[in-house]
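Colleague: kindly generate the corresponding structure for this input.
(one chain, ligands or ions: 1)
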Amino acid sequence: MTTALRVAIVGSGPAAFYAAEAVLKQPGAEVDMIERLPTPYGLVRGGVAPDHQKIKSVIATYEKVAAHAGFRFFGNVELGRDVTVEELESYFNAILYATGAPSDRRLGVPGEDLAGSHSATEFVAWYNAHPDFRDRTFDLDVERVAIVGVGNVAVDVARILCLAPDELRPTDMADHAIEALSRSRVREIWLLGRRGPVQAAFTTVEVRELGELANAEVVVRPEEVEIDPLSAEEMAAARAVVRTKVEIVQEFSRRVPAGKPRRLHLRFFVAPIEIVGDERGRVAAIRLARNRLERDESGAIVARPTGEVEELPVGLVFRSVGYRGVPLPGLPFDERRGVVLNDKGRVLDPATRAPRRGHYVSGWIKRGPTGVIGNNKADSVETVNGLVEDVASGSLLAPANPDRAAFETFLRQRQPRLVTFADWKALDHVEVERGRPQGRPRVKLCTIEEMLAAIPRD
Ligand code: NAP
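Modeller: Numbers count the residues shown, from 1 in each chain. Down below sits the predicted model:
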């Protein structure tokens, strides 16, 4: 028997690893991390764009956390399938959920589910070799594509659609995606923002990169990047980066076409009101309302239709209007925000709004799908600070069986193919070795079966 602080962390993305790091600073603390996939790192593996390898260097920090004597990783273990919340409660003092936001927001317009209309999150997961999305297909045998939204995910998708085969091949993009994208006939891509450039969700580095693509030229309408009075007010009060972002897109609007093979149109003040199908039920066009900006009752700057409508013929639509959290078994869920009901990471009882003893959240399932990887550090530290306060006040769980070895034995009975961190490192090595002869960071394995087969069995 042990008297250590034992914490189960569900999920293994950035929020999970930053939480583990913070918990393990407590003397004698132990963390068991449970992950549904055989691979760790969440969106660092399955979301970060394959041509943005440098962003993945955060993994070195997570590997340091994993090397801590109090840390264990149990991959290929799903909450609700292999282990229940009640069972975790019998082995741990606290359970911290960092499961992210695996689904996507809906647009809520007719035609959203036509063949050829996809969420950007599916496309991203497919090209990043997420095993759940291995068998998705995207009809890239079309010339014109619309991407709804102007956040960084939309920008990633647009850039990936613009890259030439020679730019895709050296990356760790899934082989199936490199093959499909190399045969793509896509030539014209529209990124559609419902408000103006001041309000655009993309960040400066990401939008600047759109102007530096070798294979595509960026096209912006000068009249759509003029600053209206409300935007001028917002910009005056905003940080300097907002002005930089606007200057970047204004510079794009002054560019003379250079005759590159693809064109990336960055549009503002347009929002889809319908995705129009052809006689076979496939996407044929997107109908857009032209917008102007107004302040709503709360003072927020919102888009309102002017009454003017235009139709853009396209063969493919990616909806990139944000990720969305999904409910976790037995936890109170705020449907409106798509997060687990919580206060600074303490899960709340929906009836009493009192903290639910021993249950915590961090990352996107706590605050919603906003911010970059680094933002999850402060978020997880806030949650763990609460947890540590609760240790001091004696308000954690008192598990019936707080034994480290017993939990592993129990879990192995439930999931004989569980993947430890050493197993993951073996799988990691296989992927990196597959990439070496091709000068690629790795060649990812794309199905759970392939992944498990790559791990030596004792
Ligand atoms: P996001 O930043 O929240 O952007 C969502 C976009 O969708 C916004 O432009 C939003 O416009 C628009 N939108 C929402 N509802 C809409 C509707 N009904 N009709 C039309 N447009 C609509 O989300 P995201 O792009 O999924 O990114 C998620 C987070 O991951 C962000 O914090 C992002 O910065 C981060 N990320 C970072 C990187 C990177 O650092 N390289 C890469 C990818 C993702 P409104 O502003 O008008 O609502």
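
Colleague: CA only for contacts and neighbour counts going forward, please
Modeller: OK.

Colleague: what about the helices in the stretch 51-200 of the chain?
Modeller: 59-66, 85-89, 120-127, 152-162, 165-168, 175-182 (DSSP state H, counting those that start in this stretch).

Colleague: closest one to the ligand among those?
Modeller: Closest approach to the ligand among the helices of the stretch 51-200 of the chain (CA to the nearest ligand atom): helix 152-162, 3.8 Å.

Colleague: any idea of the angle that closest one forms with helix 175-182?
Modeller: Helix 152-162 runs at 70 degrees relative to helix 175-182, counting by axes from the mean of the first three to the mean of the last three CA atoms, to 10 degrees.

Colleague: what is the rounded mean pLDDT of helix 152-162?
Modeller: Helix 152-162 shows a mean pLDDT of 98.

Colleague: same deal with stretch 105-119?
Modeller: 97.

Colleague: and the end-to-end length of that stretch?
Modeller: 9 Å (CA to CA, to the nearest Å).

Colleague: and after the host helix or strand of Glu310, which helix or strand comes next?
Modeller: If you go by DSSP states H and E, Glu310 is part of strand 301-313. Remark: after strand 301-313, the chain's next helix or strand is strand 316-319, criterion DSSP H and E.

Colleague: packing partners for the strand holding Glu310?
Modeller: strand 283-295 (3 or more CA pairs under 8 Å, 6 or more residues apart in numbering; DSSP states H and E).

Colleague: partner strands of the strand it packs on and their direction?
Modeller: Within its sheet, strand 283-295 is paired with strand 270-277 (antiparallel), strand 301-313 (antiparallel), according to DSSP bridges.

Colleague: need the residues of the protein near the ligand, please.
Modeller: Residues of the chain found near the ligand (CA under 6 Å from any ligand atom) are 107, 148-154, 193-195, 199-201, 271, 320-323, 369-372.

Colleague: go with 5 Å
Modeller: 107, 149-153, 201, 321-322, 370-372 (CA under 5 Å from any ligand atom).

Colleague: let me have those in JSON lines, extended by neighbour count and distance to Leu213.
Modeller: Listed next are those as JSON lines, based on neighbours: other CA atoms under 10 Å; distance: CA to CA, whole Å:
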{"residue": "Leu107", "neighbour count": "18", "distance to Leu213": "29"}
{"residue": "Gly149", "neighbour count": "28", "distance to Leu213": "20"}
{"residue": "Val150", "neighbour count": "29", "distance to Leu213": "17"}
{"residue": "Gly151", "neighbour count": "20", "distance to Leu213": "18"}
{"residue": "Asn152", "neighbour count": "20", "distance to Leu213": "16"}
{"residue": "Val153", "neighbour count": "24", "distance to Leu213": "17"}
{"residue": "Ala201", "neighbour count": "18", "distance to Leu213": "20"}
{"residue": "Val321", "neighbour count": "21", "distance to Leu213": "24"}
{"residue": "Gly322", "neighbour count": "23", "distance to Leu213": "24"}
{"residue": "Thr370", "neighbour count": "13", "distance to Leu213": "26"}
{"residue": "Gly371", "neighbour count": "11", "distance to Leu213": "25"}
{"residue": "Val372", "neighbour count": "9", "distance to Leu213": "23"}
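
Colleague: from these, which single one is nearest Leu43?
Modeller: The shortest gap between Leu43 and any of these belongs to Val372, at 10.6 Å (CA to CA).

Colleague: so that closest one sits in a strand?
Modeller: No. Checked against DSSP: H, G, I helix; E, B strand; the rest coil, Val372 lies outside a strand; its state is coil.

Colleague: burial check on Met235, number of neighbours?
Modeller: Look at Met235: counted by other CA atoms under 10 Å, it has 18 neighbours.

Colleague: can you offset everything so residue one is 486?
Modeller: Taking 486 as the first residue, the last one we looked at is Met720.

Colleague: distance of it relative to Val761?
Modeller: For Met720 relative to Val761 (CA to CA), the value is 36 Å.

Colleague: one more: Ala883?
Modeller: 57 Å.

Colleague: higher neighbour count, these two?
Modeller: The neighbour count for Ala883 versus Val761, taken as other CA under 10 Å, is higher for Val761 (21 against 16).

Colleague: Glu796 is in contact with the more buried one, correct?
Modeller: No. Counting by CA atoms under 8 Å, Val761 stays clear of Glu796, with 9.1 Å between them.

Colleague: what residues are shared contacts of the two?
Modeller: Common contacts of Val761 and Glu796, defined by CA atoms under 8 Å, 6 or more residues apart in numbering, comprise 770-772.

Colleague: now tabulate those in JSON lines and tack on neighbour count and pLDDT.
Modeller: Below are the shared contacts of Val761 and Glu796 laid out as JSON lines (neighbours: other CA atoms under 10 Å; pLDDT from 0 to 100):
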{"residue": "Ala770", "neighbour count": "22", "pLDDT": "98"}
{"residue": "Ile771", "neighbour count": "25", "pLDDT": "98"}
{"residue": "Arg772", "neighbour count": "17", "pLDDT": "98"}
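
Colleague: now the strands: where do they sit in the stretch 486-635 of the chain?
Modeller: Listed in chain order, the strands of the stretch 486-635 of the chain (DSSP state E, counting those that start in this stretch) span 491-495, 515-519, 556-559, 579-582, 588-589, 602-604, 629-633.

Colleague: elements contacting the fourth one?
Modeller: The one in question is strand 579-582. strand 491-495, strand 840-846.

Colleague: turn these into CSV, including distance to Val562 and mean pLDDT.
Modeller: Shown next, in CSV, are these (distance: least, CA to CA, whole Å; pLDDT from 0 to 100):
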stretch, distance to Val562, mean pLDDT
strand 491-495, 10, 98
strand 840-846, 19, 98
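
Colleague: got the contact list for the strand or helix carrying Phe895?
Modeller: Per DSSP H and E: Phe895 is located in helix 889-899. The contact list for helix 889-899 (CA under 8 Å, 6+ apart) reads 487, 567-568, 576, 903.

Colleague: could you rerun that using 7 Å?
Modeller: With contacts defined as CA atoms under 7 Å, 6 or more residues apart in numbering, helix 889-899 is touched by 567, 576, 903.

Colleague: ok, the second one to Val570 distance?
Modeller: Distance from Tyr576 to Val570, counting by CA to CA: 10 Å.

Colleague: neighbour count: those two, which is higher?
Modeller: Tyr576 (22 against 15).

Colleague: quick one: the more buried one and Gly843 touch, right?
Modeller: No. Using CA atoms under 7 Å, Tyr576 is not in contact with Gly843; the gap is 11.7 Å.

Colleague: thinking again about what came up before, now do the strand holding Glu795 against strand 629-633, angle only.
Modeller: Going by the same axes, to 10 degrees, strand 786-798 makes 160 degrees with strand 629-633.

Colleague: buried stuff in strand 786-798?
Modeller: Buried residues in strand 786-798, counted by 16 or more other CA atoms under 10 Å: 786, 788-790, 797-798.

Colleague: tell me which two of those residues sit farthest apart.
Modeller: The span of those, defined through CA to CA, is set by Ile786 and Pro798 at 29.3 Å.
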